[in-house]
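**Q** Make a model of this:
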Amino acid sequence: MTQLLKNRFVRAIFVSALFLQVGIWVRNFAVLLFVMEKTNGNALAVSLISVAEFAPIFIFSFIGGTFADRWRPKRTMIWCDVLSAVSVFAVILALVYGGWKAVFFATLISSILSQFSQPSGMKLFKMHLQEDLIQSAMSIYQTIFAIFMILGPILGTFVFQKFGIDVSIAITGIAFLLSAAALTFIPADHSMEKDTKSTTLWQEMKSGLQYVFAKKELKLLGICFMAAGLAIGLIQPLNIFLVTERLGLPKEDLQWLLMVNGFGMILGGGISMAFSKKTPPQKLLVLGMLANAIGMAIIGASPVLWITLAAEFLCGFFMPSIQIGINTMILQNTDSDFIGRVNGTLSPLFTGSMVVTMSIAGSLKNLLSIVTMFEIAAVLFVVGILFIMPIYNKAVPERMELSKDQA
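**A** Residues are numbered from 1 along each chain as shown. Model prediction:
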């Protein structure tokens with residue numbers, strides 16, 4: 001831990017992540033509550049928020065990953081945060097003149113820019129950290145996200161209810177600018193001297209797909225991604241019915257399940273960080289997938305609140321193991337020149353699979369039952385494990401590029 005926090009890159013990227021999470025959660029809940037207020041809870045209007053957030057993943061993820069491989073990652077991340085802030089401040093002007101629907105624009109633009117920024121961040125982890133530090137750094141990084149899974153909704157709701165949409169959007173813009181400012185302290189980009197003019201954008205996109213299909217580890221990881229996405233999408237829309245139908249409780253009690261799951265993620269992130277150096281990422285991934293399979297099976301079968309809460313905690317506790325394992329495996333098995341395109345290929349597999357099962361979850365529940373749905377999700381996690389097992393005992397590959405800049 002001490003060695004990590006002495007690293008200039010680690011300090012800067014973590015501070016940036018804190019500001020970015022503040023901005024994202026304040027924006028997300030301010031926009032959600034504002035649209036609910038303006039439309040009297042219109043389901044179509046609320047669903048458009050999710051469309052604005054997830055649609056760019058399909059459209060821009062691979063394109064953004066390709067450009068991330070062509071551009072300097074530090075500069076790309078800074079400009080993405082700055083442009084996100086500019087778009088947010090433009091929304092404030094629109095709100096002044098009565099164009100309240102512009103709030104969708106803030107979510108859409110920020111989501112598009114994140115498809116360029118996120119793979120650039122992955123490249124920076126590869127560029128500035130030694131192999132033995134990457135997994136520990138990823139553990140802390142994921143713990144930051146887990147903390148905001150609990151604090152974010154509270155913070156976003158408080159800011160909107162206390163100050164309204166104008167101040168909420170302004171805070172979002174300021175948070176993005178502070179994130180960009182933190183990123184300026186990252187050491188200068190290096191090992192980026194390749195001639196980007198020697199190949200076209202289309203050629204690089206094609207070579208990125210060929211790279212993924214040529215590597216056994218990445219292909220298996222992609223299938224695992226799809227299985228996890230299908231499982232999560234199948235049950236995510238049904239949590240409210242789990243509370244009302246299976247447990248026989250008021251719908252408001254859903255918050256307790258989410259809170260317990262969030263606390264599990266925070267604790268699990270800390271434990272994963274402590275053991276990350278001793279545990280290969282593929283073993284972390286299998287452990288996380290197995291625990292979530294067991295947890296989902298228990299959640300679906302249990303009619304007792306405390307058992308359901310215990311299973312929710314189990315799922316949350318091991319969720320960081322999945323995230324850390326996947327991100328570390330991508331970094332360890334991918335050449336620096338292809339990180340953006342690999343990330344841009346695998347991420348839509350997860351999100352696309354999740355959206356597919358989310359779209360049919362309601363209809364399937366009517367045909368089957370809430371119990372059956374959760375058991376199917378558990379089986380899908382087991383399927384994901386089966387595809388990872390061929391590389392379960394694979395040794396960690398040698399680092400392709402060792403950073404000499406450990407300032």
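**Q** In the one helix or strand A293 maps to, which of the residues would be classed as buried?
**A** Assigned by DSSP states H and E, A293 belongs to helix 281-301. Within helix 281-301, the residues that qualify as buried are 281-282, 284-301, counting by 16 or more other CB atoms under 10 Å. (Glycine included, C-beta is placed from N, CA and C.)
**Q** show me what contacts K126?
**A** 134, 331, 334, 336, 339, 401 (CB atoms under 8 Å, 6 or more residues apart in numbering).
**Q** rewinding a little: what mean pLDDT does the helix holding A293 have?
**A** For helix 281-301, the mean pLDDT works out to 90.
**Q** Buried residues in the helix or strand that it is followed by, which are they?
**A** As assigned by DSSP H and E, the chain's next helix or strand after helix 281-301 is helix 305-332. The neighbour-count check on helix 305-332 (16+ other CB under 10 Å) flags 305, 308-332 as buried.
**Q** hey, where'd the helices end up in the stretch 51-200 of the chain?
**A** 73-96, 103-128, 131-183 (DSSP state H, counting those that start in this stretch).
**Q** roughly how far apart are L290 and V167?
**A** As judged by CB to CB, to the nearest Å, L290 and V167 stand 45 Å apart.
**Q** Oh, that last question was meant for W71, not what I typed.
**A** Taken as CB to CB, the span from W71 to V167 is 34 Å.
**Q** Compare those two (neighbour count), which wins?
**A** When W71 and V167 are compared for neighbours, W71 comes out ahead with 19 against 15, by other CB atoms under 10 Å.
**Q** quick revisit: measure how the helix holding A293 sits relative to helix 305-332, angle-wise.
**A** Calculated by axes from the mean of the first three to the mean of the last three CA atoms, to 10 degrees, helix 281-301 forms an angle of 160 degrees with helix 305-332.
**Q** from the chain's centre, how far out does helix 281-301 sit?
**A** Counting by CA atoms, centre = their mean, to the nearest Å, helix 281-301 is centred 18 Å from the centre of its parent chain.
**Q** helices and strands around it, which ones?
**A** Of the remaining helices and strands, those touching helix 281-301 by 3 or more CB pairs under 8 Å, 6 or more residues apart in numbering; DSSP states H and E are helix 216-235, helix 305-332, helix 370-388.
**Q** For L32, find the nearest of these.
**A** helix 216-235 (19.8 Å; CB to CB).
**Q** Can I get that closest one in CSV, CA atoms only?
**A** The C-alpha trace of helix 216-235 is given here as CSV (Å, rounded to 0.1, in the frame of the first residue of the first chain):
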residue,chain,number,x,y,z
LYS,A,216,-7.3,-17.6,-26.2
GLU,A,217,-7.4,-15.7,-22.9
LEU,A,218,-9.2,-12.8,-24.4
LYS,A,219,-11.7,-14.9,-26.2
LEU,A,220,-12.6,-16.9,-23.1
LEU,A,221,-12.8,-13.7,-21.1
GLY,A,222,-15.2,-12.3,-23.6
ILE,A,223,-17.5,-15.4,-23.3
CYS,A,224,-17.3,-15.0,-19.5
PHE,A,225,-18.3,-11.4,-19.9
MET,A,226,-21.3,-12.3,-21.9
ALA,A,227,-22.4,-15.0,-19.4
ALA,A,228,-22.1,-12.5,-16.5
GLY,A,229,-24.0,-9.8,-18.5
LEU,A,230,-26.8,-12.2,-19.3
ALA,A,231,-27.1,-13.2,-15.6
ILE,A,232,-27.1,-9.7,-14.2
GLY,A,233,-29.5,-8.4,-16.8
LEU,A,234,-31.9,-11.2,-16.1
ILE,A,235,-32.3,-10.3,-12.4
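**Q** F313: what's it in contact with?
**A** F313 sits in contact with 260-261, 263-264, where contact means CB under 8 Å, 6+ apart.
**Q** Which residues does the host helix or strand of F241 contact?
**A** Assessed by DSSP H and E, F241 sits inside helix 239-241. Here helix 239-241 makes contact (CB under 8 Å, 6+ apart) with 251, 254, 257-258, 365, 370.
**Q** next helix or strand past that helix?
**A** As assigned by DSSP H and E, the chain's next helix or strand after helix 239-241 is helix 254-275.
**Q** Of all the residues in that following helix, which ones are buried?
**A** By 16+ other CB under 10 Å, the buried positions in helix 254-275 come out as 254, 257, 259-269, 271-273.
**Q** about what we covered before: how about a markdown table for the helices and strands packed on helix 281-301, with mean pLDDT and distance to I59 added?
**A** As requested, the helices and strands packed on helix 281-301 are arranged in a markdown table below (pLDDT from 0 to 100; distance: least, CB to CB, whole Å):
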| stretch | mean pLDDT | distance to I59 |
| --- | --- | --- |
| helix 216-235 | 85 | 17 |
| helix 305-332 | 86 | 21 |
| helix 370-388 | 90 | 26 |
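**Q** In CSV, list the ones you listed along with distance to V31.
**A** Shown next, in CSV, are the helices and strands packed on helix 281-301 (distance: least, CB to CB, whole Å):
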stretch, distance to V31
helix 216-235, 22
helix 305-332, 25
helix 370-388, 29
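**Q** Out of the ones you listed, the one nearest F145 is which?
**A** Evaluated with CB to CB, the helices and strands packed on helix 281-301 place helix 305-332 nearest to F145, the distance being 8.0 Å.
**Q** Also compute the angle for that closest one relative to helix 370-388, please.
**A** Helix 305-332 runs at 30 degrees relative to helix 370-388, counting by the same axes, to 10 degrees.
**Q** I'd like to check the angle between helix 305-332 and helix 216-235, please.
**A** Here the directions of helix 305-332 and helix 216-235 differ by 150 degrees (the same axes, to 10 degrees).
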